[in-house]
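K.L.:
Sequence isn't available, so here's the structure alone:
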């Protein structure tokens with residue numbers, strides 16, 4: 001296959017944009033879902049071919065909270081789309097309606113630029129929608145140093161992912177933060193059918209003899225390579241393309 005043809009057909013999600021909207025109880029949550037579901041997502045479905053997930057927090061440090069994740073081939077693609085949206089009069093009116101409501105649209109928000117790791121899988125849509133909305137677990141492992149983050153990547157790319165799959169943990173992607181908090185880190189997103197399946201999978205992982213061996217060898221080689229772990233649980237919005 002010619003190189004030019006491969007470039008056009010073999011797309012890869014190289015980056016993920018993570019937006020977190022931190023809200024207060026009241027009208028902000030409904031207004032945000034209205035804006036995302038009726039204005040932003042329909043445009044992104046047409047113009048942004050990568051995976052898209054919109055989720056509402058079940059358990060997180062700040063609640064209410066909504067998180068949106070968009071996969072892109074390049075950062076330039078996302079910047080170009082952002083500029084195109086701002087120049088679109090219909091979208092600009094929808095943005096104004098959300099931002100200029102009776103109260104501020106959010107308490108504050110945060111955006112992360114995540115780079116997919118070399119061992120990160122491509123997100124593939126399910127053959128059929130799940131019978132019930134899944135639970136998504138967002139995990140961020142902060143490493144004390146870059147060399148320890150590299151050791152963490154080596155552990156994941158080697159034995160840890162194999163153990164994950166054996167016990168029922170199947171992350172949608174693995175990434176590290178280019179811009180955002182808690183650098184350097186490894187951030188990944190895991191779907192589970194429900195909370196009970198999540199508990200069972202992590203219990204199997206925690207009891208796995210190979211995992212204990214791998215972890216101990218990792219600590220002896222590189223020390224404690226993930227010093228802080230942040231975990232949030234979400235459910236997908238009913239309009240989220242990936243549920």
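P.N.:
Okay, I see it. Since the model is a prediction, treat every value here as computed from it, not as a measurement.

K.L.:
domains for the protein, by residue range?
P.N.:
As recorded under automatic domain parsing, the domains making up the chain are 3-116, 135-236.

K.L.:
Name the stretch from these where average model confidence is lowest.
P.N.:
Mean pLDDT is lowest for domain 3-116 among the domains of the chain, at a mean of 91.

K.L.:
Quick check: residue 28 vs residue 200, distance?
P.N.:
35 Å (Cβ to Cβ, to the nearest Å). All C-beta atoms are positioned from the backbone trio N, CA, C, and that covers glycine.

K.L.:
Among the two, which residue is more densely surrounded?
P.N.:
A count of neighbours by other Cβ atoms under 10 Å puts residue 28 above the other of residue 28 and residue 200, at 21 against 14.

K.L.:
Would you quantify the distance from the more buried one to residue 65?
P.N.:
Residue 28 is 11 Å from residue 65, where distance means Cβ to Cβ.

K.L.:
Identify each buried residue in the strand or helix carrying residue 231, please.
P.N.:
In this structure, residue 231 sits in strand 228-236 according to DSSP states H and E. Residues of strand 228-236 classed as buried: 232, 233, 234, 235, 236 (neighbour count, 16 or more other Cβ atoms under 10 Å).

K.L.:
got these as JSON lines, with distance to residue 188 columns?
P.N.:
Written out in JSON lines, the entries for these read as follows (distance: Cβ to Cβ, whole Å):
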{"residue": "232", "distance to residue 188": "12"}
{"residue": "233", "distance to residue 188": "14"}
{"residue": "234", "distance to residue 188": "14"}
{"residue": "235", "distance to residue 188": "18"}
{"residue": "236", "distance to residue 188": "17"}
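
K.L.:
closest to residue 52 among the residues you listed?
P.N.:
For the buried residues of strand 228-236, the closest approach to residue 52 (Cβ to Cβ) belongs to residue 236, at 10.6 Å.

K.L.:
which ones are touching that closest one?
P.N.:
Contacts for residue 236 (Cβ atoms under 8 Å, 6 or more residues apart in numbering) come out as 53, 54, 55, 56, 133, 134, 136, 242, 243.

K.L.:
Could you give the bridge partners of it?
P.N.:
On the basis of DSSP bridges, residue 236 is bridged to residue 55.

K.L.:
how about the strands of the chain, start to end?
P.N.:
With DSSP state E as the criterion, the chain has strands at 15-22, 52-59, 65-72, 108-116, 135-142, 173-179, 185-192, 228-236.

K.L.:
want to try a markdown table for those strands, with distance to residue 158 as columns?
P.N.:
Formatted as a markdown table, the strands of the chain follow (distance: least, Cβ to Cβ, whole Å):
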| stretch | distance to residue 158 |
| --- | --- |
| strand 15-22 | 23 |
| strand 52-59 | 27 |
| strand 65-72 | 25 |
| strand 108-116 | 18 |
| strand 135-142 | 16 |
| strand 173-179 | 13 |
| strand 185-192 | 14 |
| strand 228-236 | 20 |
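
K.L.:
okay, now the residue lying closest to residue 143 once chain neighbours are set aside: neighbour count?
P.N.:
Taking Cβ to Cβ, 6 or more residues apart in numbering as the measure, residue 143 lies nearest to residue 149, with 4.0 Å between them; neighbours along the chain are not counted. Applying other Cβ under 10 Å, we find 21 residues neighbouring residue 149.
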